[in-house]
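**Student:** I'd like to go over a predicted model; first the sequence, then the structure.
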Amino acid sequence: MRVLHLLLLALGLLFSQLGPGAGQLTALGQWSDSYICARKGGTCNLSPCPLYNRVEGTCYRGKAKCCIR
């Protein structure tokens, strides 16, 4: 019976690793502003937005602009 418990513990620890993209969550249920910008189809720019693009939020915790065409 102990062997079964140890096997289940080992499998639980093995599959409890975070999957790809889990680093996009900054807190419980909150996505990073860079991820939200990319989902809207924008790009994150530290410099001013290119011509014919508008600013639609921020990226990198407010250090950059989210530019959307």
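**Tutor:** On my side now, so go ahead.
**Student:** would you map the helices across this protein?
**Tutor:** 2-15, 33-39 (DSSP state H).
**Student:** tell me which of those sits most buried.
**Tutor:** Highest mean neighbour count of these: helix 33-39, a mean of 17 (counted as mean count of other CB atoms under 10 Å). Any C-beta I mention is one placed from the backbone N, CA and C, and that applies to glycine too.
**Student:** contacts for it?
**Tutor:** Applying CB atoms under 8 Å, 6 or more residues apart in numbering, the contact partners of helix 33-39 are 24, 31, 43-44, 56-62, 66, 68.
**Student:** may I ask which helix or strand of this protein has the lowest mean pLDDT?
**Tutor:** Across the helices and strands of the chain, mean confidence by mean pLDDT, DSSP states H and E is lowest for strand 25-27: a mean of 65.
**Student:** how many neighbours does Lys65 have?
**Tutor:** The tally of other residues near Lys65 (other CB atoms under 10 Å) stands at 23.
**Student:** Ile36 versus that one, what's the distance?
**Tutor:** Applying CB to CB, to the nearest Å, the value for Lys65 to Ile36 is 13 Å.
**Student:** between those two, which contacts overlap?
**Tutor:** What both Lys65 and Ile36 touch, as defined by CB under 8 Å, 6+ apart, is the set Gly57.
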